[in-house]
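[1] fold the following.
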Amino acid sequence: MKRSIDSSSNLNPLKRANSSLFSIATLVDDEAGGYKNSVDSLPLLGGGLQIEEKTTQSKSIKVRKVSSDGDLCPLLNAVDDDGPPQEDASSSCSEEWEMSHDLQAAEPTVDVIDSIAAAAVTDHKDHRTGLIFESSSNHFDRYNKFHKERPQRITSVYDYLSNKSSSDGKQSVFERCQLLKMERATDRDNREKSDEDLFLDDSDYLRVHLPGYVQRLDKISKCNCHNRLDIEAEQFKSIYFTNDSDREAKKAASSFCKLVSDVMSNKLDNGFAVIRPPGHHAEPGLAGGYCVLNNVAVAAAYAREKLGVKKVLIVDWDVHHGNGTQRCFIDNPNVLYFSVHRYHGGNFFPFQQQGGPSSVGNGPARGFNINVGWNDKRMGDDEYLVVWERLLMPIAKEFNPDLVLISAGFDAAAGDMGECDVTPECFGRLTRRLKSLAGGRVVCALEGGYVRSVLCKCIENVLLSLLDSSSDEKCREEVKRFYENVGEMEMLDCIESSAAASIRETMQAHSEFWKCLSCTK
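    Residues are numbered from 1 along each chain as shown. Predicted coordinates for the structure are as follows:
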């Protein structure tokens, strides 16, 4: 049953140069958003980044079910209040540019991130939530300084969280988290010493990436010819390189693994790594979709090899299928990969048929690769909540993981580029459900999410759920209300019909592998 969307919504449409959401040029509607395509209208990476709050009309999304007497009654009444995509739209910039023009100005912000050593004094009621930032400022598109996947994604989140004060006079979300820093050299000329300071070594990447690919990235790091770097990038899909890209990607993966290590050693309860470049499109031997190394895959393999973890659940809620993560564990029954994404029969990035429900895993790992592929736009809170309750949580409980890793992309958020309608509050709620697994050992790594005003609020809501020590109680109450609203109806009949069909296809494909789905055979 289709949702009704208030036509008065001020949500801006996004103009794209190409049909792929990974096109380099992405423009927010100039007239509706008041955006001017000029350098002055976009804050660069320099100091004083501000996340401007704009007040707009709210958008109400209501899914209705039909009662036995034929009357319409609200189901979940998911309401979001989102502003238009703001300063984050990319602008085409054809001339080549040097790092000193834009990124040098960001160094004060990045230095602030790296210089924080002591954890903030946290409320005793909070969970110990680790927070780490890695902006990878030397990995960027040399031809388009406004490329949507750029260092400012990370520094803007840092500035938003660190500058936002609590309305009730208590500690802010940022102050309640425990900030981690990577102990490493910062002298770019002292490569040998700097590499020693990375948390991981090459053997950690080789658990999921092929030796030839790791060697290829190493050669790229030694290349000072821009033309050669461009030729290398053209061999992959939607990627750019600098000669620092390999090292910057390793810094991101190292940061995430450090956070996972602290959680598994009980120094922390959970955590969030706000890092780039993202990783879930990086396959064993291929870069792609802005991803160089697969951060989550590297961490999952690291946790199993070095931290004594037996079973890992990876949940990927990015709007794009994590083809790289799937490829890394397609034969591994100790890693359960679950992805919910836009699919459209394989006609949505990364444009692969393997993102559909029939890709269930190989050999002994059959049933441990689960894809819910949307075949329509505008999937929102209700659809994602039903996926969690009807499919993910029953299987996850049966799998009983020791660690939960989230590929936390937020391009499915309302107002971002994925043309879906998931609210920041819903991402927090999905996180709370996952905290009921693995003794609460949940660690998130940023993937997509390109409209910074939306991205900041989504991360903030996930952090609130991670911090909340009463989340189990809240979760039980939310689940109770959820089933009360559904009533005697089948919950799949209460959401958009295309979404229900996608969920049923996945359930049918996995019914032979999981006891909780045996009734769907």
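[2] and the helices in the stretch 251-400 of the chain?
    Taking DSSP state H, counting those that start in this stretch as the criterion, the stretch 251-400 of the chain contains helices spanning 295-306, 323-329, 381-387, 393-399.
[3] closest to residue 430 out of those helices?
    helix 381-387 (6.4 Å; Cβ to Cβ). C-betas here are computed from N, CA, C, even on glycine.
[4] check contacts around residue 369.
    326, 329-330, 337, 359-361 (Cβ atoms under 8 Å, 6 or more residues apart in numbering).
[5] so how far is residue 493 from it?
    Separation of residue 369 from residue 493 (Cβ to Cβ, to the nearest Å): 27 Å.
[6] again with residue 429
    Distance of residue 429 to residue 493, given as Cβ to Cβ: 21 Å.
[7] same question, residue 344
    If you measure residue 344 against residue 493 using Cβ to Cβ, the figure is 23 Å.
[8] the more surrounded of the two?
    For residue 344 versus residue 493, neighbours defined as other Cβ atoms under 10 Å are more numerous around residue 344 (15 against 12).
[9] is it correct that that one is in contact with residue 375?
    Yes. Contact criterion Cβ atoms under 8 Å: residue 344 and residue 375 qualify, at 5.4 Å.
[10] what is the burial count for residue 432?
    Neighbours of residue 432 under the rule other Cβ under 10 Å: 24.
[11] now the one 3 residues further on
    For residue 435, the neighbour count with other Cβ under 10 Å is 22.
[12] quick one, what contacts it?
    By Cβ under 8 Å, 6+ apart, residue 435 lies in contact with 270, 442, 465-466, 471-472, 475.
[13] only the buried subset of those residues, as a ChimeraX command please.
    The ChimeraX selection below is limited to those of the contacts of residue 435 classed as buried (16 or more other Cβ atoms under 10 Å):
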select :270,442,465,466,471,475
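[14] sort out for me which of the contacts of residue 435 are in helices.
    Residues of the contacts of residue 435 located in helices (DSSP state H): 465-466, 471-472, 475.
[15] for these, give me TSV that also has pLDDT and distance to residue 312.
    Shown next, in TSV, are these (pLDDT from 0 to 100; distance: Cβ to Cβ, whole Å):
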residue	pLDDT	distance to residue 312
465	97	20
466	98	18
471	87	21
472	87	22
475	89	21
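[16] in contact with residue 328, which residues?
    Residue 328 sits next to 208, 283-284, 294, 297, 301 when contact means Cβ under 8 Å, 6+ apart.
[17] 6 Å - rerun?
    208, 297 (Cβ atoms under 6 Å, 6 or more residues apart in numbering).
[18] same thing with residue 312?
    Contact partners of residue 312, counting by Cβ under 6 Å, 6+ apart, are 300, 335, 401, 403.
[19] could you do residue 491 as well?
    Counting by Cβ under 6 Å, 6+ apart, residue 491 makes contact with residue 386.
[20] quick one, phi/psi of it?
    Note on residue 491: backbone dihedrals following degrees, to the nearest 10 are phi -60, psi -30.
[21] please apply the same query to residue 496.
    phi -60, psi 130.
[22] neighbours of it, just the number please.
    When neighbours are counted by other Cβ under 10 Å, residue 496 registers 20.
[23] next one: residue 170
    Count around residue 170 with other Cβ under 10 Å applied: 10.
[24] so what's it up against?
    Listed by Cβ under 6 Å, 6+ apart, the contact set of residue 170 is empty.
[25] could you number the chain from 45 rather than 1 from now on?
    Right, with 45 as the first residue, what we last looked at is residue 214.
[26] still on that earlier bit, any idea which of the contacts of residue 479 is closest to residue 552?
    residue 519 (27.9 Å).
[27] right, and the closest one touches residue 476 too?
    Yes. In this structure residue 519 lies within contact range of residue 476 using Cβ atoms under 6 Å: 4.6 Å.
[28] need the residues touching each of those two.
    Common neighbours of residue 519 and residue 476 are not found (criterion: Cβ under 6 Å, 6+ apart).
[29] which one's the longest strand in the protein?
    strand 379-386 (DSSP state E).
[30] now the strands for the stretch 295-444 of the chain?
    314-319, 356-360, 379-386, 413-418 (DSSP state E, counting those that start in this stretch).
[31] could you export the second one as PDB, CA atoms only?
    What follows is strand 356-360, C-alpha atoms only, in PDB (Å, rounded to 0.1, in the frame of the first residue of the first chain):
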ATOM      1  CA  VAL A 356      30.700 -11.500  12.900                       C
ATOM      2  CA  LEU A 357      27.500  -9.900  11.700                       C
ATOM      3  CA  ILE A 358      27.900  -7.100   9.100                       C
ATOM      4  CA  VAL A 359      24.900  -4.900   8.600                       C
ATOM      5  CA  ASP A 360      25.100  -2.600   5.600                       C
END
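[32] quick check: angle from it to strand 379-386?
    Note on geometry: by axes from the mean of the first three to the mean of the last three Cα atoms, to 10 degrees, strand 356-360 and strand 379-386 are set 10 degrees apart in direction.
[33] mind listing what strand 356-360 pairs with, with the direction of each?
    If you go by DSSP bridges, strand 356-360 pairs up with strand 379-386 (parallel), strand 447-452 (parallel).
[34] the first one versus strand 413-418: what angle between them?
    For the pair strand 379-386 and strand 413-418, the angle between their directions (the same axes, to 10 degrees) equals 10 degrees.
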